[in-house]
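Chemist: Need the 3D shape of this:
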Amino acid sequence: MDQESIVLITGAARGLGNALLAQCHASNRKVLALVRKDDDRRDLEARYPGTRVAIGDVAVPSSLAGLEQLIAAEGRLDVVINNAGMLGKGPTLAESSPDVLLEHFRVHCLGAFNVAKLAVPFMLGSTSATIINISSRLGSLGSNADGAFEGQGMSYAYRIAKAAQNMLTLCLSQELHTKRIKVCAIAPGRLATAEDFQEAATHVLARIAANNLTSARFNRADTDHGTNPW
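Modeler: Have a look, this model is predicted:
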């Protein structure tokens with residue numbers, strides 16, 4: 001990813017998405033951002049002059065028309081960071097509900113699917129086309145089967161949705177590598193403080209800038225700050 005790269009960041013209003021946006025802006029990269037609220041759009045445009053911000057919900061394709069217009073105005077897209085997400089509650093079957101599970105699936109899996117579907121036609125001419133899905137080790141079937149998170153009260157909905165997103169990453173990678181679009185998942189590790197968000201953003205952007213990413217279908221690393229947490 002060079003200085004001329006055009007980067008799309010979803011869920012850019014706060015947390016890791018905002019840290020990614022701030023660091024891209026500081027390094028003079030052109031950024032397109034997606035948020036859900038007009039207040040957030042105005043705030044980001046004021047704080048990061050030159051950033052173009054669209055309003056939309058990744059889980060609702062019809063709401064992404066504004067984002068598509070922003071991308072079309074640029075004429076191409078080089079990097080997509082599917083960061084939009086939500087935290088989960090409900091660590092037991094009794095405390096979980098179908099509605100919450102579906103909401104997480106719509107945001108984490110269908111959201112990344114919808115953004116990729118919109119973005120890919122604009123990435124075909126890029127020499128550094130990359131899609132990053134921000135994942136979590138909590139969605140790793142292997143880690144859960146090994147009991148890595150047993151007794152820690154982890155959300156059913158979040159883990160299931162992230163596992164689905166991981167499979168989406170594999171499917172996209174297997175298809176899009178023939179179009180020279182690299183698709184990877186990155187688990188940023190535990191994010192509890194502002195410093196954590198900044199450290200994770202630095203790591204993600206450094207990996208992209210160094211082109212230090214392996215196609216998801218070849219790499220099965222499962223560590224904090226690692227790619228492809230299956």
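
Chemist: Output the top helix by length along the chain in CSV with nothing but the alpha carbons.
Modeler: The longest helix of the chain (DSSP state H) is helix 156-176. Provided in CSV are the C-alpha atoms of helix 156-176 (Å, rounded to 0.1, in the frame of the first residue of the first chain):
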residue,chain,number,x,y,z
TYR,A,156,-22.6,-17.3,21.4
ALA,A,157,-23.7,-14.7,18.8
TYR,A,158,-20.3,-13.1,18.5
ARG,A,159,-18.3,-16.3,18.2
ILE,A,160,-20.8,-17.8,15.7
ALA,A,161,-20.8,-14.7,13.5
LYS,A,162,-17.0,-14.4,13.5
ALA,A,163,-16.7,-18.0,12.5
ALA,A,164,-19.1,-17.4,9.6
GLN,A,165,-17.0,-14.3,8.6
ASN,A,166,-13.9,-16.5,8.6
MET,A,167,-15.5,-18.8,6.1
LEU,A,168,-16.5,-15.9,4.0
THR,A,169,-12.9,-14.8,4.0
LEU,A,170,-11.8,-18.2,2.7
CYS,A,171,-14.5,-18.2,0.0
LEU,A,172,-13.6,-14.7,-1.2
SER,A,173,-9.9,-15.6,-1.2
GLN,A,174,-10.4,-18.7,-3.2
GLU,A,175,-12.4,-16.8,-5.9
LEU,A,176,-10.6,-13.4,-6.0
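
Chemist: next SSE after it?
Modeler: Sequence order places strand 182-187 as the next helix or strand after helix 156-176, per DSSP states H and E.

Chemist: and that following strand, what does it pack onto?
Modeler: Judged by 3 or more CB pairs under 8 Å, 6 or more residues apart in numbering; DSSP states H and E, strand 182-187 is in contact with strand 130-134, helix 156-176, strand 226-227. In short, each C-beta sits where N, CA and C put it, glycine included.

Chemist: most packed of these?
Modeler: The highest mean neighbour count among the helices and strands packed on strand 182-187, using mean count of other CB atoms under 10 Å, belongs to strand 130-134: a mean of 26.

Chemist: Just give me how far it sits from the chain centre.
Modeler: Put simply, strand 130-134 sits 6 Å off its chain's centre (CA atoms, centre = their mean, to the nearest Å).
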